[in-house]
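> sequence first, then the predicted structure:
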Amino acid sequence: MLFRFLIIPFVGVLGLTEFATRLPAALAGILTVWVSFCLVREGFDTRVALIAMLLLAISPWHIQFSRWAVRAILLPLFLCWGLLYFQRGLHRPRLLVLSALLFGIALHTYNSARVFVPLFLLGLALLHWRELWHRRGALVVPCIVFLCILLPLFSFWIFPEGLTRARSTITTDAVEVLKHYVSYLSPWYLFYSGDSNLRYSILKMGQLHTFEVLTVLTGLIGMFRSPEKGHRVW
């Protein structure tokens, strides 16, 4: 729904054309690259942030969703944006309100955000519980902001119309769930074949470049070795 509203001013100015409907997705992809730079610079130096920005800019996964009018491109934008102000808010609590607003907007971007964003916030809370506990007074307004966005959506999700997508995709078979989850972490899927649905991948390419095997492994090793909690998220 959010992406449709974003398209309206572009269509109003440029007309109902392919360019007008694709432009918001392209701009969202470009903005995500910049936000990722700012986010990584919060925990590393400018050189590392530039490398991260470059890798995202040339990522087949990111390019694919940026080049055509699909709402999924908004989720990484608002997720990274919300995380950026969350990290800054740990030192300047007033920014946590903006972080809560951005995470709340992320709920409107894509179906999977309904599950992923709340779980992601729960993970952040567990990871930074000491810092948040010391600033618990400053969390009241951010929590109210997020709940004001979440609760109206939740009331819709529990109705039959809101559960239509869930009913068509959710399975109660634990083995099947694990199988599908692991398939998205498969090196073959990530670096060689990509998604079987060509709407979500580039023909004869993985979701990431082959050379990114090295960057992923380096990142995982650095994540486990780093004492900084924020590095476990980035």
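Sure, I can see it. Just so we're clear, the structure is a prediction, and the values are computed from it rather than from any experiment.

> what are the ranges of the helices in the chain?
Read by DSSP state H, the chain holds these helices, from start to end of the chain: 2-14, 18-43, 46-57, 60-66, 74-89, 95-106, 113-127, 129-134, 140-157, 164-169, 174-183, 187-188, 212-225.

> among the ones you listed, which is nearest S201?
Within these, the stretch nearest S201 is helix 60-66; the backing value is 6.3 Å (Cβ to Cβ). C-beta: built from backbone N, CA, C; applies to glycine.

> quick revisit: return the member of the helices of the chain having the minimum mean pLDDT.
Ranked by mean pLDDT, the helices of the chain bottom out at helix 164-169, which scores a mean of 62.

> picking that back up, how about the helices of the chain in JSON lines, adding mean neighbour count and distance to M205?
Rendered in JSON lines, the data for the helices of the chain read as follows (neighbours: other Cβ atoms under 10 Å; distance: least, Cβ to Cβ, whole Å):
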{"stretch": "helix 2-14", "mean neighbour count": "14", "distance to M205": "25"}
{"stretch": "helix 18-43", "mean neighbour count": "18", "distance to M205": "17"}
{"stretch": "helix 46-57", "mean neighbour count": "15", "distance to M205": "15"}
{"stretch": "helix 60-66", "mean neighbour count": "19", "distance to M205": "5"}
{"stretch": "helix 74-89", "mean neighbour count": "23", "distance to M205": "19"}
{"stretch": "helix 95-106", "mean neighbour count": "22", "distance to M205": "27"}
{"stretch": "helix 113-127", "mean neighbour count": "15", "distance to M205": "25"}
{"stretch": "helix 129-134", "mean neighbour count": "12", "distance to M205": "40"}
{"stretch": "helix 140-157", "mean neighbour count": "14", "distance to M205": "35"}
{"stretch": "helix 164-169", "mean neighbour count": "10", "distance to M205": "25"}
{"stretch": "helix 174-183", "mean neighbour count": "10", "distance to M205": "17"}
{"stretch": "helix 187-188", "mean neighbour count": "12", "distance to M205": "12"}
{"stretch": "helix 212-225", "mean neighbour count": "12", "distance to M205": "12"}
